[in-house]
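A.B. asks: dropping the sequence and predicted coords here.
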Amino acid sequence: MFAGLWARGVALECRSAAFTKFPRPSALRSFHQASSKPTGPLGAATSTLRSWSRPTGLWSTSRAFTRKAAAPRRPFDPRFFSANAAQADAATAELPVLSPPAVGGWLLASAGLVFAVIVVGGITRLTESGLSITEWKPITGVLPPLSQAQWEEEFEKYKATPEFKLLNHSISLEEFKGIFFWEWSHRVLGRIIGVSFVIPLAYFALRKRLTATLPKHLTAMALLIGAQGALGWYMVKSGLEDSLLETPGAVPRVSQYRLAAHLGTAFVLYAGMFGTGLSAIMDWRYATKGFWSGMKENGSKWKEVLENPAVRKFSRSIKGLTALVFLTALSGAFVAGLDAGLLYNEFPLMGGRLAPPADELFDPAYAKKSDGSDIWWRNIFENPTTVQFDHRCLAITTYAATAAMWCAVNYNPVLRAVLPPLTKRMATSAFAMANLQVLLGISTLLYLVPIPLAAAHQAGSVALLTTMIHLLVSLRRPGAAAQAWRQALQRAKKAT
C-alpha cells in the first residue's frame, strides 16, 4: 500500500512539473489562473485578474491533479472560491468578456497619438507648410526625398502651385525643405496612428479580449481614421486649385470648411479613443476591486449616486458643456482658416467697442445670391471679423459655464454631498484648464499669433476637451460585463 501511495505521489509531481510548460489560458474570461499568494481564495482570483499578463509560475502538487490538458476550462472556475462542489456548480454561469487593462492602455496611447497629430497639424498650418506636398501617396509617401534630384523634383512640383506663385516665389530649396518637413511629419504621424490602431484591434478581437460592444465601436474608429486621411487630402486640394490665380484678392490657403471638418473629425476620434479607454480601465477596477469613480469603500453605491435627481441634472449640464467646448474649438478652425486672429489684436474690445459695427459683421459683399438671402450664414463662416467675434463669444460663454459648473460642485451642498471624488477633481481640473486656455487665447491675439502661443492654444483646446470627457466618464455607470463580474466575485466571497 505504501509503495502504491509513493508511486502515485511521484506521478503527481511529474504531472505538476510537466504542466508548467503549458501556456496559461487567457485571463480575459476566466478567474482560474494559479496564484501562490496566501490571501485566500477570493484574493487569489482577484490578484490573477490584475496580473493576467504575468508569466506562469509552478503549479502546486495539490492543484496539479485538477488540471486536464485536453479538457477545455470553463471561463469561471469556482474551485478558487469554494470547496463545496454543489455550490461551485451553481456559481459557474458563463461570464461575458471583460476587456483587460491592456485594451484601455492601448486606446489611451492611441488618443495620445491623435493629440500629437492635432498639435503637429496646427504647427503645419501656422508655418504655412500644408501645401508643400502636392500629391497624396498613402504608401510610397512615407519616405521623404532622399537625394538632391528628388528634392529638386519635389521643389519643381511646388513651384507650380498658386502658393508659390503668389506668396513664396522667392523661396529657396533649403527653405522649402523646412516647410516640407512639417507637412511630411503630419502625414507620417497619421499613418502611424492607423497602423498602431488597426493591428492591436485585430489582435484583441481575434483573442476575444474585447467587451461585447467594443468591436463595433472600434471598427468604426478604424474606418474613421482611413476617412480622415482622405479628408486631409481633400482639404489640401482646395489650396492647390489654379482658380485661385484668377480670383482677385484670393489668398492661397485651404478651405476653412474643409479645415474645420478635418479638425472636427480628429476631435471626434480623440474623444472616442480617450473616453473608451478610460471606460475600459474603470470597468476593470470596478469588477476586480469594487472601485467606482474614486469611491473605494462605497463603490457599490453608484446606483444611488446616479439616480439622485441633482446628479442627473448635473450630468445633463455636463454633456451640454462638453458640446459647447467642442463647438468653441471647432470655431477656432474657422479663425485659423481665415487668418482671423490677425484682426482686432486687442481684448476685450474690438476697435474700441464691445462689438464691431453691424455693417462690418454682416457685410453685403460676402453674399453671393442676388437677393442677399445668404448674407447671414456666409458672414458667419467667411467673414474674418465675424468669425473672430463668434469665437470670442463662444469662448467667453464656455469659460462662464465652466466657472458656474465649478461653483456648483464646490458650493452647492447637495452636489458636494453626493458627487464622487473623481467628479469633483475633474470639475476643478476643467475649470483650471479653462483659465489657462483663456490666457493662451488672449496672449495669442495680443501678440499677433506667434507660432508657440498659437500651437499651445490649440493644444489647450484638446486638453480642455480631455478634462470634460474625463468628467463625463466619472459619472458613467459600470458596463454590463463589469457588473456581472463584480456580482460573481461577491457571490463567491459569500460562499467562502
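C.D. replies: Thanks, I have it.
A.B. asks: who are the packing partners of the helix or strand hosting A455?
C.D. replies: Secondary structure from DSSP states H and E places A455 in helix 451-474. Helix 451-474 is packed against helix 101-126, helix 256-289, helix 309-337, helix 421-446, with contacts defined by 3 or more Cβ pairs under 8 Å, 6 or more residues apart in numbering; DSSP states H and E. Yep, even glycine has a C-beta here, placed from its N, CA and C like the rest.
A.B. asks: just send these back as TSV, with mean neighbour count, distance to R491 and mean pLDDT too.
C.D. replies: Formatted as TSV, the helices and strands packed on helix 451-474 follow (neighbours: other Cβ atoms under 10 Å; distance: least, Cβ to Cβ, whole Å; pLDDT from 0 to 100):
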stretch	mean neighbour count	distance to R491	mean pLDDT
helix 101-126	20	24	97
helix 256-289	21	13	97
helix 309-337	18	28	97
helix 421-446	19	27	97
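A.B. asks: in a markdown table, list these along with distance to T140.
C.D. replies: Formatted as a markdown table, the helices and strands packed on helix 451-474 follow (distance: least, Cβ to Cβ, whole Å):
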| stretch | distance to T140 |
| --- | --- |
| helix 101-126 | 20 |
| helix 256-289 | 22 |
| helix 309-337 | 29 |
| helix 421-446 | 37 |
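A.B. asks: so how far is the strand or helix carrying A202 off the chain centroid?
C.D. replies: Using DSSP H and E, A202 maps to helix 173-206. Relative to its parent chain, helix 173-206 has a centroid offset of 17 Å by Cα atoms, centre = their mean, to the nearest Å.
A.B. asks: of all the helices and strands packed on helix 451-474, which lies closest to D371?
C.D. replies: Nearest to D371 among those is helix 256-289; the distance by Cβ to Cβ comes to 22.7 Å.
A.B. asks: next helix or strand past the closest one?
C.D. replies: helix 302-306.
A.B. asks: need the CA coordinates for that next one. PDB is fine.
C.D. replies: In PDB, the C-alpha atoms belonging to helix 302-306 read as follows (Å, rounded to 0.1, in the frame of the first residue of the first chain):
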ATOM      1  CA  TRP A 302     -23.000  54.000  -7.700                       C
ATOM      2  CA  LYS A 303     -26.700  53.400  -8.400                       C
ATOM      3  CA  GLU A 304     -27.800  55.600  -5.600                       C
ATOM      4  CA  VAL A 305     -25.400  58.400  -6.800                       C
ATOM      5  CA  LEU A 306     -26.500  58.300 -10.400                       C
END
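A.B. asks: tell me the buried residues in that helix?
C.D. replies: Neighbour counts using 16 or more other Cβ atoms under 10 Å place W302, V305, L306 of helix 302-306 among the buried residues.
A.B. asks: looking at the residues you listed, which is nearest A488?
C.D. replies: Of all the buried residues of helix 302-306, A488 sits closest to W302, with 17.5 Å by Cβ to Cβ.
A.B. asks: for the closest one, give me the pLDDT.
C.D. replies: On the pLDDT scale, W302 is placed at 92.
A.B. asks: isn't it up against S293?
C.D. replies: Yes - W302 is in contact with S293 according to Cβ atoms under 8 Å; the separation is 7.1 Å.
A.B. asks: could you tell me which residues touch both of the two?
C.D. replies: By the contact definition Cβ atoms under 8 Å, 6 or more residues apart in numbering, W302 and S293 are jointly contacted by P420.
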